[in-house]
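Q: Here is a sequence with its predicted model. Questions after.
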Amino acid sequence: MRNTIMWVLLFTLAAAAASANTITTSTLDNGLRVVTYEDHSTDLVAVDLWVGAGTVNETGANSGVSHFIEHLLFRSTDKRGPGQVDMEIESLGALLEARTSRDWAHYFTVVSTRYTDKALDVVSDVASHPKFRIEDIEHERAVILDEIARSDSDPFSVLSDKLFATAYTVHPYRLPVAGTRKSVMDMTREQIVDYYNSLYVPENMTLVLAGDITPADSLAAAKKAFSELKKRPLTLPQTPKEPERTKESRDTVKRNTKQTYVGVAFVGPSIKDRPDVFAMDVLVAHLGIGYQSWLSTELKDTKKLASQVQGEYLTQRDSALIILAAATEPTKAKAAEAEILAKMQSLRTTGVSEAELQRAKRWILGTNAFDVETFAGRATNMGFYCIIGAGDVAADYAKCVREVTAQNVLDAAKKYLDPAKAVVVEVGP
């Protein structure tokens, strides 16, 4: 599924709440990691299974296979026929949902405490025993092609995909999450099964249980549900190392639109680049996401150079993309682009004021508190950071944001926001 700004906020800005609650991590004999967030404030449990299977594991030949499998796992398993997975979860008063991104896929639901074992049985069956029937593949192929067509009609979506495709020359992040029309049309059952068998192994999974459950009960329930998932070797594909950007890149996409959509992107820090990643979260909140962001107040409201604006930065295993985008009149497109690039240069020279820094941090911390208010939000937060190799960040994120200084932001701007290395794309007439 396509990432939206809400998902960016949820993953990039979330952090574990209430350190007084117990967070424990264990690993089953088969390699499955189990994370438990114990909170008995209400009798609900969030069940969230994360798999390190996303675009980063794909090639041009199987582009979109991670997303394709997300669709197929709900269709039928060895124990459950078509429609039975949804029926059983809905009979518990819940929904089973899923998302796929560049580093991961995850499958999640929230149920009453007394249905935890039942929900786990369904989730483990979905992840462990899919049938991949030909009729299911053809049905979901049509659904995904329709999703791609809808995405292709959204200029901001087209802009984002083109920015990724231009910014990354060899790294798989350049590939669209849903795949291309051609890759989805050409996808074979053999490709799907081979990819599933290589990555849907316990060592590549993290199960998060958040809510009215003890660590002991969580571990026992996970062992029972995933006992049939045997330990298998995990062989991750070799990810090509993206060469460092040395110059500006530009591209255009012709679309029959009334407005021109301008995107300016920079390759930013990965989760391994701490504390840069926290400074960049603050910086992007100031620029394009947070309350009174620069894109909204200056580019859109004050200078009237845009009718819509968007900002994006999702922390990833490898270097992630920072995107600032605006929809504008065709005659103002160059001025909007120039204004964004000038702002980048200004940030590299003077950074942000103390008032701007505190405003961005307040917005992040407020969003953080809202996002982890629910068990589902806490499970998402913990699972996300665990699957990108930074489980420790979940508990410490808010503290790390509070510690970001204006000098940290200035240093990050100098390191990552060089206009001479920008990726600039226009979508429009």
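A: Here it is on my side, so go on.
Q: Please enumerate the strands of the stretch 251-400 of the chain.
A: Counting by DSSP state E, counting those that start in this stretch, the stretch 251-400 of the chain has strands at residues 260-267, 308-313, 321-328.
Q: mind giving me JSON lines with those strands and columns for mean pLDDT and mean neighbour count?
A: Where C-beta positions appear, they are placed from N, C-alpha and C, glycine not excepted. Putting those into JSON lines (pLDDT from 0 to 100; neighbours: other C-beta atoms under 10 Å) gives the following:
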{"stretch": "strand 260-267", "mean pLDDT": "98", "mean neighbour count": "25"}
{"stretch": "strand 308-313", "mean pLDDT": "95", "mean neighbour count": "23"}
{"stretch": "strand 321-328", "mean pLDDT": "97", "mean neighbour count": "26"}
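Q: Distance to residue 143 for these - can I get that in TSV?
A: Shown next, in TSV, are those (distance: least, C-beta to C-beta, whole Å):
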stretch	distance to residue 143
strand 260-267	27
strand 308-313	26
strand 321-328	27
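Q: Skipping adjacent residues, who's closest to residue 276 in space?
A: Spatial nearest neighbour of residue 276, chain neighbours left out: residue 269 (4.0 Å); criterion: C-beta to C-beta, 6 or more residues apart in numbering.
Q: got it, and residue 35?
A: Leaving aside its sequence neighbours, residue 35 sits nearest to residue 208 (C-beta to C-beta, 6+ apart; 4.7 Å).
Q: Packing partners of the helix or strand harbouring the one you found?
A: Assigning secondary structure by DSSP states H and E places residue 208 in strand 205-211. If contacts are counted by 3 or more C-beta pairs under 8 Å, 6 or more residues apart in numbering; DSSP states H and E, strand 205-211 sits against strand 33-38, strand 44-51, helix 215-225, helix 375-387.
Q: Save those as a markdown table, and put in mean neighbour count too.
A: Output for the helices and strands packed on strand 205-211, formatted as a markdown table (neighbours: other C-beta atoms under 10 Å):
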| stretch | mean neighbour count |
| --- | --- |
| strand 33-38 | 23 |
| strand 44-51 | 26 |
| helix 215-225 | 18 |
| helix 375-387 | 26 |
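Q: for these, which one sits closest to residue 248?
A: helix 375-387 (32.0 Å; C-beta to C-beta).
Q: Other residues contacting that closest one?
A: Helix 375-387 is touched from outside by 10-11, 14-17, 23, 25, 33, 35, 37, 39, 44-52, 103-104, 106, 108, 110, 206, 208-211, 271, 371-372, 391-394, 397, with contacts defined as C-beta atoms under 8 Å, 6 or more residues apart in numbering.
Q: out of those residues, which are buried?
A: Neighbour counting by 16 or more other C-beta atoms under 10 Å classes 10-11, 14-17, 23, 33, 35, 37, 39, 44-52, 103-104, 106, 108, 110, 206, 208-211, 271, 371-372, 391, 393-394, 397 among the contacts of helix 375-387 as buried.
Q: Can you show me the helices along the stretch 151-300 of the chain?
A: Remark: helices assigned in the stretch 151-300 of the chain by DSSP state H, counting those that start in this stretch are 155-167, 181-186, 189-199, 215-225, 276-284, 294.
Q: Which of those sits closest to residue 261?
A: Distance to residue 261, taken as C-beta to C-beta, is lowest for helix 155-167 among the helices of the stretch 151-300 of the chain, at 4.5 Å.
Q: hang on, isn't residue 315 packed against residue 388?
A: Yes. If you go by C-beta atoms under 8 Å, residue 315 and residue 388 touch, sitting 6.9 Å apart.
Q: Now the common contact residues for the two.
A: Counting by C-beta under 8 Å, 6+ apart, the residues touching both residue 315 and residue 388 are residue 271.
Q: and residue 332, what does it touch?
A: Applying C-beta under 8 Å, 6+ apart to residue 332 gives the contacts 260, 305-306.
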